[in-house]
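Colleague: build me a structure from this.
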Amino acid sequence: MFEPETIDVTPRIPRFVLKVVAFYVAVALLWILLSDLLVSKLAADLDDATRLSEFKGVMFVIVTSILLYLLLARLSRALTAQTERLHDVAHRYHTLFEHGGESMLVVGAEDGIIHDANHAAAEMYGWPIEALIGRPLEELVASAPDDLSPSLAERVCHWHRTAGGERIPVDLISNAMRWKGDAVHLVVVRHLGDQLEQREKLSRLAHQDPLTGLFNRNLLPEQVRMGVANAQRTGTLFGVCFLDLDGFKAVNDQLGHDAGDELLRQIARRIKAQVRGGDVVVRLGGDEFVILLGELRSLAESEQILRRLLGSIAEPVALGAEHARVTGSIGVALYPSDGSDHEMLLHAADDAMYRAKDAGRNRYAFHNKAHEDRIKARTAMLDRVARAINEQKLLLFYEPLVDVARGVIDGIEAKMRWQHPVLGILPASEFLPFIKDPALELEVDLWAIRQAQRDIAALDDRRVGLRINLFAPDAGRDALLDALRTLASQLGPGRLTVELSPEVFRRLAPQLPAWRDACHAMGVRLSLDGLVAGADSVHSLATLALDEFKLPAESLGLNGEHDGVGVLTASYVAVAQATGMNLVVKGVMDEAQAQWLKAHGCVLLQGEVFGGAVDADHLSERLNQQTASMTQVVSGDVA
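Modeller: Got it, this is the predicted structure:
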């Protein structure tokens with residue numbers, strides 16, 4: 001087993017032995033010199049000299065023997081003590097290696113091969129010692145888990161793999177030494193799992209509210225800082241919402257603190273369920289919460305979330321045999337208009353929350369008065385649009401789409417209008433952008449589909465292609481598909497086309513493949529009314545397998561003199577041909593533009609040159625006639 005060469009059990013000659021030998025040599029030399037001088041002075045004759053020399057020799061032997069005995073006895077005692085001490089050290093070191101709590105490996109400095117391992121290492125890795133010996137240390141190294149939190153990644157430098165494939169965080173301490181003549185490293189391996197788990201637990205306790213499991217106020221400044229930084233980078237809004245429960249104290253007083261705690265837990269779960277995945281919910285304490293809304297594209301998007309929150313909070317809460325009901329007052333501050341740091345935004349949201357309470361509770365209020373005015377104006381517009389639907393003030397106008405190569409009307413596009421009591425007939429661009437309520441968006445789309453179905457039914461069974469714009473197809477997919485299926489069945493296969501604006505296209509992007517497949521399954525075509533801005537616009541056309549895309553005439557370079565940019569037009573025609581899509585050019589104002597486009601390969605045209613849009617009452621008349629302008633475009637010469 002492991003016995004490093006740094007523990008040398010060879011006894012060493014004590015220094016005092018060298019001193020004794022040196023002393024002995026000096027005494028011997030002195031004895032020889034003095035004894036010869038003494039013999040020469042004391043001996044009277046040769047016989048006396050001989051007797052004295054013999055006595056001198058005997059005395060020398062006796063003294064030498066005594067000195068050697070004393071020397072050897074002391075040396076023996078010293079060597080015995082040293083040997084016992086060294087063997088004790090080696091035994092303790094061996095015991096520490098074999099039975100200590102730390103996992104230890106003896107690894108070759110040159111080849112990285114494990115030469116020895118202790119029982120703790122065998123237990124930690126799940127291999128017997130014999131299986132570890134001879135294995136390269138590199139085989140134990142593993143990559144970090146993919147779901148590692150950033151805080152944990154900062155604290156773990158090494159990951160090893162056990163026999164069962166489990167990845168474990170470890171800390172390595174290595175010391176160079178020699179073992180059986182080889183350069184090795186004694187590697188102490190510490191399993192960090194329990195230590196990191198304890199650290200994570202302490203971190204959670206430091207940043208988590210123990211009652212609700214939400215973040216506590218300690219984490220709020222950093223989360224606000226990150227939200228502001230992200231808003232700066234993405235050019236979006238960042239909202240800080242201060243929520244205070246209305247009526248919580250009464251519940252707490254009447255039903256007790258346990259019921260109050262359960263109420264807070266249930267409200268916390270409701271709040272989490274209504275916000276988006278990237279939003280942050282913090283409990284400040286008591287019945288106060290802060291919700292951080294990131295990457296808001298508009299005030300309307302924040303309103304949708306706030307309305308959901310208020311509606312969910314106001315639902316009754318079951319507390320054992322009792323039921324309680326509380327509401328919420330929410331104050332909202334937005335970056336960058338209401339502040340740029342944690343303290344400013346939180347203070348602004350707090351002020352707005354008190355304004356919400358003063359206004360009657362169970363509502364939200366924005367800190368910025370301009371925001372409040374915009375919300376009121378939008379709310380008023382929503383009310384008027386809803387009344388317009390109920391009072392049948394919304395209309396569909398129909399604009400023909402002409403195939404100038406064949407000289408026929410290829411189809412019609414349904415365009416929404418509002419018969420405003422004061423302003424007259426308004427185009428969709430004057431009111432649809434103000435609608436940001438999902439329920440009303442869905443209602444408008446369903447109205448348009450059903451109204452088109454009624455208008456087409458009045459065309460004396462004339463079969464015609466219809467294009468209809470969907471304003472919010474992500475608001476109610478199943479209901480819209482059911483309505484489209486009915487309309488498509490009435491028109492016939494391939495005669496219904498759903499048009500999506502670039503804004504709707506971007507909003508629907510994650511669901512677009514599923515939408516396309518569902519439409520194609522029932523014989524409905526998809527068209528992109530305009531191009532998506534950005535470098536991926538052509539890529540989107542090429543990969544999403546749409547049926548058609550429309551471009552305004554001005555985007556092809558047509559100016560007041562009707563001089564087109566042929567290369568630009570040819571490129572769009574080439575995209576259409578390569579992808580198998582139809583290319584429609586809308587907004588064609590006069591005959592010269594139509595002739596130029598026809599000459600450059602654009603044959604599906606739409607615009608004022610063909611008479612513009614008409615209401616349902618005049619649609620049959622438009623379809624039954626070939627206008628002079630259309631005939632002239634088909635037969636005329638290119639300008």
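Colleague: pull the distance from stretch 293-312 to the chain's centre.
Modeller: 21 Å (C-alpha atoms, centre = their mean, to the nearest Å).
Colleague: contacts for that stretch, please.
Modeller: 227, 230-231, 234, 236-241, 243, 270-271, 273-276, 278-280, 291, 327-328, 330, 332, 334, 362-364, 366, 371, 374-375, 378, 436-438 (C-beta atoms under 8 Å, 6 or more residues apart in numbering). All C-beta atoms are positioned from the backbone trio N, CA, C, and that covers glycine.
Colleague: give me that answer again for 6 Å
Modeller: For stretch 293-312, contacts defined as C-beta atoms under 6 Å, 6 or more residues apart in numbering pick out 227, 230, 234, 236-239, 270, 274, 278-279, 328, 330, 364, 371, 436.
Colleague: nearest to residue 491, of these?
Modeller: Closest approach to residue 491 among those (C-beta to C-beta): residue 436, at 31.0 Å.
Colleague: so residue 289 makes contact with residue 242?
Modeller: No. Assessed by C-beta atoms under 6 Å, residue 289 is found out of contact with residue 242, at 7.9 Å.
Colleague: most neighbours among the contacts of stretch 293-312, please name it.
Modeller: Greatest neighbour count in those, by other C-beta atoms under 10 Å, goes to residue 328: 29 neighbours.
Colleague: in three-state terms, label that residue for me.
Modeller: Secondary structure, DSSP: H, G, I helix; E, B strand; the rest coil: residue 328 is strand.
Colleague: what about the closest residue to it other than its chain neighbours, how many residues close to it?
Modeller: In space, residue 328 comes closest to residue 313 once its chain neighbours are excluded; the distance is 4.4 Å by C-beta to C-beta, 6 or more residues apart in numbering. Number of residues near residue 313 (other C-beta under 10 Å) recorded here: 23.
Colleague: let me know the pLDDT of residue 313.
Modeller: We note a pLDDT of 94 for residue 313 in this prediction.
Colleague: check residue 153 too.
Modeller: So residue 153 comes in at 56 (pLDDT).
Colleague: what's the answer for residue 422, then?
Modeller: 68.
Colleague: also the one 3 residues further on?
Modeller: According to the model's per-residue confidence, residue 425 sits at a pLDDT of 79.
Colleague: show me what contacts the residue nearest the centre of the chain?
Modeller: Nearest to the geometric centre of the chain sits residue 278, at 8.3 Å (C-alpha atoms, centre = their mean). Shown in contact with residue 278 (C-beta under 6 Å, 6+ apart): residue 294.
Colleague: pLDDT score for it?
Modeller: For residue 278, pLDDT reads 86.
Colleague: that one in helix, strand or coil?
Modeller: Using three-state DSSP, the structure places residue 278 in coil.
Colleague: now it. Its backbone dihedrals?
Modeller: phi -90, psi 0 (degrees, to the nearest 10).
Colleague: distance of it from residue 412?
Modeller: Going from residue 278 to residue 412 by C-beta to C-beta, to the nearest Å gives 43 Å.
Colleague: same check on residue 267?
Modeller: Using C-beta to C-beta, residue 267 is found at 52 Å from residue 412.
Colleague: quick one, what contacts the closest residue to residue 145 other than its chain neighbours?
Modeller: Spatial nearest neighbour of residue 145, excluding adjacent residues (C-beta to C-beta, 6+ apart): residue 167 at 5.8 Å. If you count contacts by C-beta under 6 Å, 6+ apart, residue 167 has them with 142, 145, 159, 161.
Colleague: so residue 106 lies in a helix, does it not?
Modeller: No. Counting by three-state DSSP, one finds residue 106 to be strand, located in no helix.
Colleague: contact partners for it?
Modeller: Per C-beta under 6 Å, 6+ apart, neighbours of residue 106: 2, 115, 116, 184, 186.
Colleague: does the fourth one sit in a helix, a strand or a coil?
Modeller: Pointing back at residue 184 there. Criterion first, three-state DSSP; result for residue 184: strand.
Colleague: who's it bridged to?
Modeller: Judged by DSSP bridges, the bridge partners of residue 184 are residue 108, residue 177.
Colleague: number of nearby residues for it?
Modeller: 25.
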